[in-house]
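> my questions are about this predicted structure, shown below with the sequence.
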Amino acid sequence: QVQLQESGPGLVKPLQTLSLTCTVSGGSITTSGSSWSWVRQPPGRGLEWIGYITYSGNIYYSPSLKSRTSISRDSAKNQITLQLSSVTPEDTAVYYCARIQGVTHDYWGQGTQVTVSS
């Protein structure tokens, strides 16, 4: 059973960089065919895809967030990281990591609330 756990600060000041880590257990982030995604849900709104990294290390970003987003991985720790720079209150959301298998997000973390406020 694949499990994902997001971690990071719950409060970030405006214009700072938000940094989150997704720790994966029960499966390797380098397993062929898998990809690992970041998704967020602002309050009162739907899910918004941020980007993903494939098992081979290719990275894809949402065009609307690409200029501020960096996704990376630590294969030794089986972790995926997300950095979002120059945050504003509009970036307040629950942030999720998820596995993509084929075209489906089949395993999700429980999510972590991030609030951008001074």
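That came in fine, so what should we check first? Numbers count the residues shown, from 1 in each chain.
> run a quick neighbour tally on Gly51.
Burial measure for Gly51: 19 neighbouring residues, criterion other Cβ atoms under 10 Å. From N, CA and C alone the C-beta is placed, and that goes for glycine too.
> count of neighbours near Ile50?
Other residues near Ile50 number 23, with proximity taken as other Cβ under 10 Å.
> one more: the one 4 residues further on?
Taking other Cβ under 10 Å as the neighbour definition, Thr54 ends up with a count of 17.
> next: Ser75.
With other Cβ under 10 Å as criterion, Ser75 counts 11.
> can you check Lys77 too?
A count of nearby residues for Lys77, using other Cβ under 10 Å, gives 12.
> what residues are bridge-paired with the closest residue to it other than its chain neighbours?
Leaving aside its chain neighbours, Lys77 sits nearest to Thr23 (7.4 Å; criterion: Cβ to Cβ, 6 or more residues apart in numbering). Going by DSSP bridges, Thr23 is paired in beta bridges with Gln5, Gln79.
> mind listing what Ala93 touches?
40-43, 48, 113-114 (Cβ atoms under 8 Å, 6 or more residues apart in numbering).
> biggest separation within the residues you listed, which pair?
Longest distance between any two of the contacts of Ala93 is 15.0 Å, between Glu48 and Gln113; criterion Cβ to Cβ.
> run through the neighbouring helices and strands of the worst-scoring helix or strand of the chain on mean pLDDT.
Scoring the helices and strands of the chain by mean pLDDT, DSSP states H and E places strand 104-108 at the bottom, with a mean of 91. If you count contacts as 3 or more Cβ pairs under 8 Å, 6 or more residues apart in numbering; DSSP states H and E, strand 104-108 packs onto strand 3-7, strand 93-101.
> next SSE after it?
strand 112-116 (DSSP states H and E).
> list the contacts for the residue positioned nearest the centre of the chain?
Averaging the C-alpha coordinates of the chain gives a centre point, and the residue nearest to it by Cα atoms, centre = their mean is Trp38 (2.8 Å). If you count contacts by Cβ under 8 Å, 6+ apart, Trp38 has them with 20, 22, 49-52, 71, 80, 82, 95-98.
> which one (most neighbours) among these?
Top of the contacts of Trp38 by neighbour count (other Cβ under 10 Å): Cys97, with 31 neighbours.
> cool, thanks, talk later.
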